[in-house]
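In: next input, structure requested:
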Amino acid sequence: MPPLSLIDRFLQGPVAHVVPARSVLPLQGLTLLAVEDSRFASDALRLMCQRSGARLRRVDRLQAAYAHLRVYRPDVMLVDMGLPDGRGDTLIRDLAKMHPKGPIVIAISGDPGTRTEAIAAGAQDFIDKPFPNLAAFQDAILRHLPDRADRAATTTASAPIIADPLALQNDLEQASDLVKSNPTDVQRRYLAGFVTGIARSANDPALAAAAQDMADVKGLDRLCQLLAARINGHKNPFDRSVL
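Out: Numbers count the residues shown, from 1 in each chain. So this is what the prediction gives:
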């Protein structure tokens, strides 16, 4: 009897090396647009999207987001509530008018207190910064995609996502430059949110407290000193030995 061909072997039973359907990455094929001014937070999003099979685009201002939407249509939008040129809820309200044909809109913020504001504006979900582990991030998106009900989040990915420390350093330098520029009241409100988000991501309670205490020149000076210590005092911005 002649040896069985590859086709005959396949017909007789399953081939061991066939990849099962569940190996498909949970967010495979999706395009996400992050409207996020923090490079550190953006790098965390990049890593999570990369490990989930999604494509990530990023802009850091409201006006850039509107320009992007005139050309592209993402599947999911992650909108930071505090941006250099305005509040994220403004964009969220405009996106809500597109529902159900528009993208899924998820608000993100280092201030959990903005959740109510974001949902009221029309966001379908809210994610606190620092971002959760990979599985929680995937689940926050998948629960709004009924057509992907067969794709479970990567439950084994429970470890936190650690973004590039150089991106954090860049955020610290950006905050320091704004502090030194004699910020207006509007800029101070933005700065408070921006630095609070950085501090929470870096697990830095001293910096977070200073970000909320800029009512006078003394408060600004204290924040300026802390930022300078973290930028220039050591190479690792995560090192909390410099206070």
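In: roughly how far apart are the spatially most central residue of the chain and Ile106?
Out: Residue closest to the mean C-alpha point of the chain, counted by Cα atoms, centre = their mean, is Leu45 at 4.5 Å. The spacing between Leu45 and Ile106, counted by Cβ to Cβ, to the nearest Å, is 11 Å. C-beta coordinates here come from the backbone N, C-alpha and C atoms, glycine included.
In: what of Ser201?
Out: 17 Å.
In: equivalent analysis for Leu33, please.
Out: Look at Leu33 and Ile106: by Cβ to Cβ, they are 11 Å apart.
In: need the overlap of contacts for those two.
Out: Each of 76-78 lies in contact with both Leu33 and Ile106 under the rule Cβ atoms under 8 Å, 6 or more residues apart in numbering.
In: now do the host helix or strand of Ile119, average pLDDT.
Out: Assessed by DSSP states H and E, Ile119 sits inside helix 115-121. Average pLDDT, helix 115-121: 97.
In: now do the buried residues in that helix.
Out: Neighbour counts over helix 115-121 (16 or more other Cβ atoms under 10 Å) mark 115, 117-118, 121 as buried.
In: out of the residues you listed, which is nearest to Ser52?
Out: Ala118 (22.3 Å; Cβ to Cβ).
In: contacts only, for the closest one.
Out: 81, 88-89, 92, 107, 109, 126.
In: in strands, which of these fall?
Out: The members of these that map onto strands under DSSP state E are 107, 109, 126.
In: still on that earlier bit, okay if I get the shared contacts of Leu33 and Ile106 as CSV plus pLDDT?
Out: As requested, the shared contacts of Leu33 and Ile106 are exported to CSV (pLDDT from 0 to 100):
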residue, pLDDT
Val76, 97
Met77, 97
Leu78, 98
